[in-house]
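**Student:** Sequence and predicted structure below; questions after.
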Amino acid sequence: MSRSESAGSRASRGQTIVASSSGNTATSLAMFSALRGYRCIAITNRGTSKEKVQQLYAYGAEVVVTASGVPTDSPVHYQNVEKQLVEENPGYFGLNQYDSPLNPEAYYATLGPELWAQTNGKITHLVAAGSTGGTVSGTARFLKKKNQAIQVIMPDPHGSIFYDWWAHRKLVKPTSFEALDLSLIDVMPRFSDEQAFATCRTIARRMGMMVGGSAGGNVHAALTLARKLKGPATVVAILCDSGTKYLSKIFNDEWMASKGYDVAAMDASAAN
């Protein structure tokens, strides 16, 4: 069974589902597999927090941890490991979340209409990170169908491959992200890990909410945008991950200090 064939078919009880993920999709799939009686193999990399990996084990998933920071064309890149497992095992069902058209379609059918309804059609700006591209692409496509003037902002961390392609059409190493439609993106502000992490800690201390790094990046970009806007606007930022999965990293003072972040300054700013 080829990867494309596996993505287009349906899994059945007892079948093995394979997915490469930095953690959030894998956790959802592990939960779903436990409910439906599927065997789940989740492939992630060493950059994934230990809490995410522990959640996968808790739901009964088998976990394959690959090297982090390897080129996208490396055979040990976690996306390529998924592809290899599916190609070598005819009974495996590959989730193929980065290329599946059902990824953005899910958000076109759900999150887009939800945001439009809950803002009474007044949303002016959508702020959503890229990752696989499904969330921002599907939601943006629906919202722009309703109102072409809605601005779509996709914050992109420094070091990501997306900005160079969006801004300069410079492709950095071939990789597959067919779920991401960059033609829908109006603005792609860049942010640092430090800005995202500081925002996460501020949200926790001021609002009692714990969010992960991508959500912190979204909120940082939304706040930066809001300070520049003139006149009424409705800015929606997507909080796409929970901070409880980053207790050993973003919310761990020792880990933050080991990476060179000034935790005291961050927390002092959060208190003001």
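**Tutor:** Here it is on my side, so go on.
**Student:** As a check, name the ranges of all helices in this structure.
**Tutor:** Ranges of helices in the chain, per DSSP state H, are 3-8, 24-36, 50-58, 78-88, 102-109, 111-118, 134-146, 162-168, 193-207, 213-228, 253-258, 263-271.
**Student:** Quick one: closest of the ones you listed to residue 153.
**Tutor:** The closest approach between residue 153 and any of those, judged by Cβ to Cβ, belongs to helix 213-228 at 6.0 Å. The way it works is simple: take the backbone N, C-alpha and C, and place the C-beta from them, glycine included.
**Student:** what's the offset of the closest one from the middle of its chain?
**Tutor:** A distance of 15 Å separates the C-alpha centroid of helix 213-228 from that of its chain, computed with Cα atoms, centre = their mean, to the nearest Å.
**Student:** got the CA positions of that helix in CSV?
**Tutor:** Output of helix 213-228 as CSV, limited to C-alpha atoms (Å, rounded to 0.1, in the frame of the first residue of the first chain):
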residue,chain,number,x,y,z
GLY,A,213,5.1,27.8,22.4
SER,A,214,3.1,28.0,19.2
ALA,A,215,0.2,29.6,21.0
GLY,A,216,2.6,32.0,22.7
GLY,A,217,4.0,33.0,19.3
ASN,A,218,0.4,33.6,18.0
VAL,A,219,-0.5,35.8,21.0
HIS,A,220,2.8,37.7,20.7
ALA,A,221,2.1,38.4,17.0
ALA,A,222,-1.5,39.4,17.8
LEU,A,223,-0.5,41.8,20.5
THR,A,224,2.2,43.3,18.3
LEU,A,225,-0.5,43.7,15.6
ALA,A,226,-3.0,45.2,17.9
ARG,A,227,-0.6,48.0,19.0
LYS,A,228,-0.3,49.1,15.4
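**Student:** Mind giving me the packing neighbours of it?
**Tutor:** Here helix 213-228 touches strand 125-127, strand 151-153, strand 190-191, helix 193-207, strand 235-237, going by 3 or more Cβ pairs under 8 Å, 6 or more residues apart in numbering; DSSP states H and E.
**Student:** which one of the helices of the chain has the most crowded surroundings?
**Tutor:** Each of the helices of the chain was assessed for mean neighbour count using mean count of other Cβ atoms under 10 Å. The highest is helix 134-146, with a mean of 23.
**Student:** Flag the shaky bits of the stretch 1-150 of the chain, pLDDT-wise.
**Tutor:** Counting by pLDDT under 70, the stretch 1-150 of the chain contains low-confidence ranges at 1-14, 23.
**Student:** The helices and strands packed on helix 213-228: which one's closest to residue 119?
**Tutor:** In terms of Cβ to Cβ, the element of the helices and strands packed on helix 213-228 nearest to residue 119 is strand 235-237, at 6.9 Å.
**Student:** what lines up beside that closest one in the sheet?
**Tutor:** strand 125-127 (parallel) (DSSP bridges).
**Student:** what's the single longest strand in this protein?
**Tutor:** In the chain, ranked by residue count with DSSP state E as the criterion, the top strand is strand 39-45.
**Student:** Find the nearest non-adjacent residue to residue 257, please.
**Tutor:** Closest residue in space to residue 257, ignoring its immediate chain neighbours: residue 263 at 5.8 Å, by Cβ to Cβ, 6 or more residues apart in numbering.
**Student:** Show the contacting residues for that neighbour.
**Tutor:** Under the criterion of Cβ atoms under 8 Å, 6 or more residues apart in numbering, the contact list for residue 263 reads 253, 256-257.
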